[in-house]
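[1] no sequence on hand, only this structure:
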């Protein structure tokens, strides 16, 4: 991972935590354990970082629900 990927991952975790009312550690753990972090966010950085914050958060929340790490 390069600096841009790390900054983007931090951005995603922080915004998800605020949006969902979770700690940043909990948001990170859910993304990591579900495979979303290294299976989706990091490899898809080139596309994902072009999305608006609102769209990105909705996309990640939807995927977290699909993976079962967030209740519907």
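    Everything's here; your move. For clarity, every value in this text was computed on a predicted model and none was experimentally measured.

[2] shaky segments in this structure?
    Judged by pLDDT under 70, the chain has no weakly predicted residues.

[3] state the number of residues packed around the closest residue to residue 20 other than its chain neighbours.
    Using C-beta to C-beta, 6 or more residues apart in numbering and skipping the chain neighbours, the partner closest in space to residue 20 is residue 27 (6.8 Å). In this view, the C-beta of every residue, glycine as well, is placed from N, C-alpha and C. Neighbours of residue 27 under the rule other C-beta atoms under 10 Å: 25.

[4] for residue 69, same thing?
    Neighbour count for residue 69, taken as other C-beta under 10 Å: 17.

[5] also residue 64?
    With other C-beta under 10 Å as criterion, residue 64 counts 19.

[6] check the one 3 residues further on too.
    A total of 16 residues lie near residue 67 under the criterion other C-beta under 10 Å.

[7] likewise residue 62?
    Residues lying near residue 62 (other C-beta under 10 Å) number 12.

[8] please identify the helix or strand for it.
    Element membership for residue 62 (DSSP states H and E) is helix 53-67.

[9] where's the residue nearest to residue 20 relative to residue 46, distance?
    22 Å (C-beta to C-beta, to the nearest Å).

[10] give me the element the residue nearest to residue 38 when sequence neighbours are not counted is part of.
    With sequence-adjacent residues excluded and distances taken as C-beta to C-beta, 6+ apart, residue 38 is closest to residue 32, at 7.3 Å. Per DSSP H and E: residue 32 is located in helix 24-34.

[11] could you give the angle of that helix to helix 53-67?
    With axes from the mean of the first three to the mean of the last three C-alpha atoms, to 10 degrees applied, the angle from helix 24-34 to helix 53-67 works out at 50 degrees.

[12] who's in contact with the very next helix or strand once past helix 24-34?
    Scanning forward in sequence from helix 24-34 by DSSP H and E, the next helix or strand is helix 36. Residues from elsewhere that reach helix 36 (C-beta atoms under 8 Å, 6 or more residues apart in numbering): 30, 60, 63, 64, 67, 69.
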